[in-house]
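Visitor: Could you look at this predicted model? Sequence included:
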Amino acid sequence: MSVLYDAVRQVAEERGDRVAVRAADGRETSYAALIRLVDRLTHGLSTVGVAPGDVVATRLTNSPGYVGLILALARSGAVHVPISVSAGPDSVDWSVGRSTPRLLVAEPGHAPPTRRVETVVLDDLLAGGAAPGAPSVPGGRAGLFRLLETTGSTGFPKLVGWRQVDLLADRVAWLSYLGITADDVFLTMHPLDVAHGADVHLFPALLAGARLVLSDPGAPPHHLLDDLDRSGATVFSALPRHYELLAGHGPRDLSRLRLPLCGGAYLSPEVITRARDRLGIRIRRIYGSTEFGIVLGNLDDVPQEDRGMRPLPGVEVSLEPLVAGAPEVGEILARSPHTSIGYHGDAAATAHAFQDGWYRTGDVAERTPSGEFRVLGRAADALAADGGGVRFAPQVEAALQACGPVGEAAVLPPLPGSEPFVVVTGVVGVDVAAVRSAAEGVLGEQGLAMPVRVVERIPHTPVGKLDKPLIRRRLG
């Protein structure tokens, strides 16, 4: 059976006409209507020949139809490969070549220019009507449900495989940890193609019988503030950069947001303070990955500028020391009974990342005297400072962005064959020379010396992280 679809269907039977999904344009879809939509899409997939175990790629914008298709793929036993609508031709070709889909479902204007896979429009899957009452089918490929791209913010992306049973168990545990009820309202500004959109918002909302609000991922910050205010959102997760942008368009009273979660990148004390002062919220820290799910969190309703995080229930965390004799700083290793099955088509990378049940995150943390974990950055982000000290790129970026003339910063650590460098943008009204001088001054205070390049804009991945591979290709 499709454990994921069946779990949502059971909730829908209880919720009936209560709103399940609200689209960015205000259209609302009830739980009963969502299940009918899934029925029609399941029948449409069958009509075009999709069978259990077939790989189906999607290239869709956020909509109730996309939500329904994700559940229909689960019900059909198919393997879902989300491809971002912002992905360029090379990225699309990579995803298609790596996953070899049987079908690609797109929207008018978002069908990729490739002949390597049959493409259908989402609305065409609905044209054949429904086959009510058809049971969900067993999943193929040993229960594999999804191949999700890593963000690619630190290197070329990989496809991470998740089985339905593990994804469901992981999300149910997440719901329990958050204390979610059917009265909660989840608002996502993220595409449903990424874990931050699907796993942190979509699945938890529907499994709890709550309301899922789809905000436009491309909307400017003041529109997102309006959506958060008008929707009555109680749960929202974003990257530090998003909270910084929202705070910059304040003040606004978002105190009704009881769980303003933040993860995906280094969260500086300055962002936490600014969000509290400008938006009336106390950010809660979370930390996880596409490969593992959520590892650490801190839901305490207190100022968290100087706080760390604790392992989620059912998750074990250990530190592998970077330096002998310093056990309190090391790479984060995590273990849970329900994680991904590793990297699709890359046995070597899977064997390296998953060892004896432990997932090697590649991130470095320090254990505080209270037993909390404070994430410092990627192991590859370490920078040798004057005097033998070590700095991590995210902390240096935060210091640069706090200095005044610098708007945003990206610190690129050295790689084999390339030297480290820094890319910054300036705030409006400050000339390039002053921006560069301020950045060089901060680097000097950190015991670092590297070239500073001032640009108009720094590129980001679809989820909002600094796109460091692209920065290297353009400026390295």
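Guide: Here it is on my side, so go on. Numbering: from 1, shown residues only.
Visitor: In contact with residue 261, which residues?
Guide: Contacts for residue 261 (Cβ atoms under 8 Å, 6 or more residues apart in numbering) come out as 200, 235-238, 283-284, 286. Yep, even glycine has a C-beta here, placed from its N, CA and C like the rest.
Visitor: would a markdown table of the residues you listed with neighbour count and distance to residue 223 be doable?
Guide: As requested, the contacts of residue 261 are exported to a markdown table (neighbours: other Cβ atoms under 10 Å; distance: Cβ to Cβ, whole Å):
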| residue | neighbour count | distance to residue 223 |
| --- | --- | --- |
| 200 | 28 | 21 |
| 235 | 25 | 19 |
| 236 | 29 | 14 |
| 237 | 23 | 18 |
| 238 | 26 | 14 |
| 283 | 25 | 21 |
| 284 | 23 | 24 |
| 286 | 24 | 25 |
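Visitor: Closest to the centroid, which residue in the chain?
Guide: Nearest to the geometric centre of the chain sits residue 196, at 2.9 Å (Cα atoms, centre = their mean).
Visitor: So that residue sits against residue 465, correct?
Guide: No. With contact defined as Cβ atoms under 8 Å, residue 196 does not count as touching residue 465 (10.0 Å).
Visitor: on that earlier part again, from residue 307, how far off is the spatially closest residue to the residue nearest to the centre of the chain that is not a sequence neighbour?
Guide: Nearest residue to residue 196, sequence neighbours excluded (Cβ to Cβ, 6 or more residues apart in numbering): residue 190, at 4.5 Å. Distance of residue 190 to residue 307, computed by Cβ to Cβ, to the nearest Å: 24 Å.
Visitor: The two: which has the busier surroundings?
Guide: Between residue 190 and residue 307, residue 190 has the larger neighbour count (other Cβ atoms under 10 Å), namely 25 against 18.
Visitor: check which helix or strand covers residue 104.
Guide: strand 103-106 (DSSP states H and E).
Visitor: residues in contact with residue 354?
Guide: With Cβ under 8 Å, 6+ apart, residue 354 has these contacts: 339, 342, 360.
Visitor: try 6 Å
Guide: Applying Cβ atoms under 6 Å, 6 or more residues apart in numbering, we find residue 354 in contact with residue 342.
Visitor: Assign the residue nearest to residue 214 when sequence neighbours are not counted to one of the three secondary structure states.
Guide: Nearest non-adjacent residue to residue 214, counting by Cβ to Cβ, 6+ apart: residue 62, 4.4 Å away. Following DSSP: H, G, I helix; E, B strand; the rest coil, we place residue 62 in the coil state.
Visitor: ok, residue 62 - how many residues close by?
Guide: 24.
Visitor: Hmm, it is touching residue 213, no?
Guide: No. Contact criterion Cβ atoms under 6 Å: residue 62 and residue 213 do not qualify, at 10.2 Å.
Visitor: Before we move on, what's the pLDDT of the nearest residue to residue 180 once chain neighbours are set aside?
Guide: Leaving aside its chain neighbours, residue 180 sits nearest to residue 208 (4.5 Å; criterion: Cβ to Cβ, 6+ apart). pLDDT recorded at residue 208 is 98.
Visitor: ditto for the one 3 residues further on
Guide: At residue 211 the predicted local confidence, pLDDT, stands at 99.
Visitor: residues in contact with it?
Guide: 19, 185.
Visitor: likewise residue 216?
Guide: Here residue 216 is in contact with residue 24 (Cβ under 6 Å, 6+ apart).
Visitor: So what does it look like in phi/psi?
Guide: Main-chain torsions, residue 216, degrees, to the nearest 10: phi -70, psi 120.
Visitor: Show me the contacts of residue 261 that map onto strands.
Guide: Secondary structure from DSSP state E places 235-238, 284, 286 of these in strands.
Visitor: quick one: which of those residues is nearest to residue 85?
Guide: Of all the ones in strands among the contacts of residue 261, residue 85 sits closest to residue 238, with 19.6 Å by Cβ to Cβ.
Visitor: Okay, and the beta partners of the closest one?
Guide: residue 262 (DSSP bridges).
Visitor: who's in contact with the longest strand along the chain?
Guide: Longest strand in the chain by number of residues, with DSSP E as the criterion: strand 358-367. Contacts with strand 358-367, where a contact means Cβ under 6 Å, 6+ apart, come from 292, 328-329, 331-335, 353, 373-376, 378-379.
Visitor: again, only using 7 Å
Guide: With contacts defined as Cβ atoms under 7 Å, 6 or more residues apart in numbering, strand 358-367 is touched by 289, 291-292, 319, 322, 328-335, 339, 353, 373-379, 392.
Visitor: SS state for residue 94?
Guide: helix.
Visitor: how close does it get to residue 159?
Guide: Distance of residue 94 to residue 159, given as Cβ to Cβ: 10 Å.
Visitor: And those two? Which one has more around it.
Guide: residue 159 (20 against 17).
Visitor: got the contact list for the residue nearest to residue 196?
Guide: Residue 190 touches 196-197, 217, 463, counting by Cβ under 7 Å, 6+ apart.
Visitor: what about the helices in the stretch 351-476 of the chain?
Guide: 393-401, 432-445, 468-475 (DSSP state H, counting those that start in this stretch).
Visitor: And the ones you listed: which comes nearest residue 76?
Guide: helix 468-475 (34.5 Å).
Visitor: Can you give me the buried ones in the closest one?
Guide: Within helix 468-475, the residues that count as buried by 16 or more other Cβ atoms under 10 Å are 468-469, 471.
Visitor: C-terminal to the host helix or strand of residue 120, what's the next element?
Guide: Secondary structure from DSSP H and E places residue 120 in strand 119-121. Scanning forward in sequence from strand 119-121 by DSSP H and E, the next helix or strand is helix 122-126.
Visitor: elements contacting that next one?
Guide: Contact partners of helix 122-126 among helices and strands, from 3 or more Cβ pairs under 7 Å, 6 or more residues apart in numbering; DSSP states H and E: helix 31-47.
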